[in-house]
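Visitor: just a sequence and a predicted model for now, questions to come.
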Amino acid sequence: SAALSFGGYDGTNYLATTEAYDGTAWSAGGALNTARELLAGVGTQSAALSFGGYNGANLATTEAYNGTAWTVGGALATARRALAGAGTQSAALSFGGYVAGAVATTEAYDGTVWSAGGDLNTARYFLAGVGTQTAALSFGGNISATEAYNGTVWSVGGSLNTPRNRLAGAGTQSAALSFGGYTTAVVATTEAYDGTVWSAGGDLNTARQLLAGAGTQTAALSFGGYDGTNYLATTESYTVAP
């Protein structure tokens, strides 16, 4: 009920567009300073962080949002696209991505600068991430593996039942949700993680890849994406009955 979308690609242009969701409708917010796609983001609607991405070149750009406008922050040490993130505006984590190939790079942000963290066990890109800076979860990408981060090192967890990339996620390290993505085709697959294993959830109504997500395992939001033919404005909410 309080989500933020930013950046992307519409088939022609790299976008700086920001929109805020109130649970019913999206409204325009302040544009990013640097238009880009394949970026990552963390935080809340009024205290968000965007980092990395691509606009013809891999970017190290970081920007912070206060609910109205974006301001430039400290650059990533490694410019990359198709990365994932976890955490908050002042305690963020970036991991994985693509430089000239898949990377395992992890960096932690303190609100001002990025510093090196423990590398992923398996380099990958087009992955998803949820959680906090010291309790993050990474999953999917160009492999199916799940890894959990304790603030220092990544450890291997249960693999997705449906290996996929270009997916989205919501939730926490021990209560995560993965949805959408691409296998050999665009999929609507949803899976829930309990900290050990992934189990099947209710499929998206519209199969898509390169989408974004927000919220929790039992109250998630999916938005945007690409169905293999068209770029989408579709928004879906996910709920699990108590």
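Guide: Thanks, I have the structure now. Just so we're clear, the structure is a prediction, and the values are computed from it rather than from any experiment.
Visitor: any idea how far residue 143 is from residue 219?
Guide: Look at residue 143 and residue 219: by Cβ to Cβ, to the nearest Å, they are 28 Å apart. C-beta here means a position set from N, CA and C on the backbone, and glycine is covered the same way.
Visitor: what's the answer for residue 166, then?
Guide: Using Cβ to Cβ, residue 166 is found at 23 Å from residue 219.
Visitor: between those two, who's got more neighbours?
Guide: residue 166 (25 against 15; other Cβ atoms under 10 Å).
Visitor: for the closest residue in space to that one that isn't next to it in sequence, which residues are in contact?
Guide: Excluding the flanking residues, the one nearest residue 166 by Cβ to Cβ, 6 or more residues apart in numbering is residue 209, at 3.9 Å. If you count contacts by Cβ atoms under 8 Å, 6 or more residues apart in numbering, residue 209 has them with 165, 166, 167, 180, 181, 182, 186, 187, 225, 226, 227, 228.
Visitor: from these, which is closest to residue 139?
Guide: Among those, residue 167 lies closest to residue 139 (Cβ to Cβ), at 7.9 Å.
Visitor: doesn't residue 180 make contact with the closest one?
Guide: Yes. In terms of Cβ atoms under 8 Å, residue 167 counts as a neighbour of residue 180; the distance is 5.3 Å.
Visitor: overlap of the contact sets of those two?
Guide: What both residue 167 and residue 180 touch, as defined by Cβ under 8 Å, 6+ apart, is the set 209, 211.
Visitor: any idea how far the closest residue to residue 201 other than its chain neighbours is from residue 224?
Guide: For residue 201, ignoring the flanking residues on the chain, the nearest one in space by Cβ to Cβ, 6+ apart is residue 190 at 3.8 Å. Using Cβ to Cβ, we find residue 190 at a distance of 16 Å from residue 224.
Visitor: same check, this time on residue 240
Guide: Distance from residue 240 to residue 224, by Cβ to Cβ: 22 Å.
Visitor: higher neighbour count, those two?
Guide: More neighbours surround residue 224 than the other of residue 240 and residue 224, with 20 against 13 (other Cβ under 10 Å).
Visitor: which ones are touching the more buried one?
Guide: Counting by Cβ under 8 Å, 6+ apart, residue 224 makes contact with 5, 8, 210, 211, 212, 231, 232, 233, 234.
Visitor: residue 41: what secondary structure?
Guide: What DSSP: H, G, I helix; E, B strand; the rest coil gives for residue 41 is strand.
Visitor: does it really touch residue 6, like I thought?
Guide: Yes. Counting by Cβ under 8 Å, residue 6 is a contact partner of residue 41 at 6.4 Å.
Visitor: give me the common contacts of those two.
Guide: Both residue 41 and residue 6 are contacted by 48, 50, under the criterion Cβ under 8 Å, 6+ apart.
Visitor: quick check, residue 30 in contact with residue 69.
Guide: Yes. Assessed by Cβ under 8 Å, residue 30 is found in contact with residue 69 at 4.2 Å.
Visitor: the helix or strand where residue 86 lies - contacts with which helices or strands?
Guide: Using DSSP states H and E, residue 86 sits in strand 84-87. Using 3 or more Cβ pairs under 8 Å, 6 or more residues apart in numbering; DSSP states H and E, the elements in contact with strand 84-87 are strand 40-44, strand 92-95, strand 127-132, strand 135-140.
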